[in-house]
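1. coords please:
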Amino acid sequence: MPFLPPGFVPPARVETARFRMRSITIHDAFKDYDAVMSSREHLWRRFGEVWGWPAPDLTLEQNIVDLGWHQKEFQLRSSFDYAVMSLDESRLLGCVYVDPPHLDGTGADVWYWARASELSSGLDEELGAFLRRWLATAWPFAAVAINGERVTLAGDPGEGRR
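-> Here you go, the predicted structure:
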């Protein structure tokens, strides 16, 4: 069952002064693999219990398969994986996933991460704040779960905005 209204067109790309966020494709495999494996311990703390990812023996080949799957999901409108890229596209800085909801009362599960080398620059917090604004204005959700926590977005007549 689709989790988006039939006429809704998911944003394919958005840009801030610091990063570009766009649909991930198999062409991002090398940059993604570098970001994932150089951030593996950080990512395991965030996603390991939930997803069992990233495995210590993740291969580039498996990463290509995963990205191909994410690319197809975007085309099918069943799930949306975004690469968070440096503005010059030279580095993958993280990823954002917009998935069907699992938490009651939310429109989507949104997961995100920034690569470990960007944590000290505040990118993780900046990306989280950006996502709250973007999800409230560019998506049809009143509430979402962001990294497992329910977040009320603008327009939800229920609880106040977080």
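2. what sits up against the lowest-mean-pLDDT helix or strand in the chain?
-> Least confident element among the helices and strands of the chain, by mean pLDDT, DSSP states H and E: helix 49-51 (a mean of 81). With Cβ atoms under 8 Å, 6 or more residues apart in numbering as the test, helix 49-51 has contacts from Gly148. In this view, the C-beta of every residue, glycine as well, is placed from N, C-alpha and C.
3. could you point out which element follows it?
-> helix 60-76 (DSSP states H and E).
4. now for Asp34, how many residues are close by?
-> 15 (other Cβ atoms under 10 Å).
5. state the helix or strand in which the most centrally placed residue in the chain lies.
-> Centroid check for the chain by Cα atoms, centre = their mean gives Val96 as the closest residue, at 1.0 Å. Here Val96 sits within strand 92-99, counting by DSSP H and E.
6. show the pLDDT at the residue nearest to the centre of the chain.
-> Model confidence at Val96, given as pLDDT, is 98.
7. correct me if wrong: it contacts Phe74.
-> No - the criterion here is Cβ atoms under 8 Å, and Val96 misses it with Phe74 at 11.8 Å.
8. can you give me the mean pLDDT across stretch 62-82?
-> 96.
9. starting at the chain centroid, how far to it?
-> Computed by Cα atoms, centre = their mean, to the nearest Å, the separation of stretch 62-82 from the middle of its chain amounts to 12 Å.
10. how about stretch 18-30?
-> Taking mean C-alpha positions (Cα atoms, centre = their mean), stretch 18-30 and its chain are 11 Å apart.
11. if anything else comes up later, I'll come back, but that's it for now.
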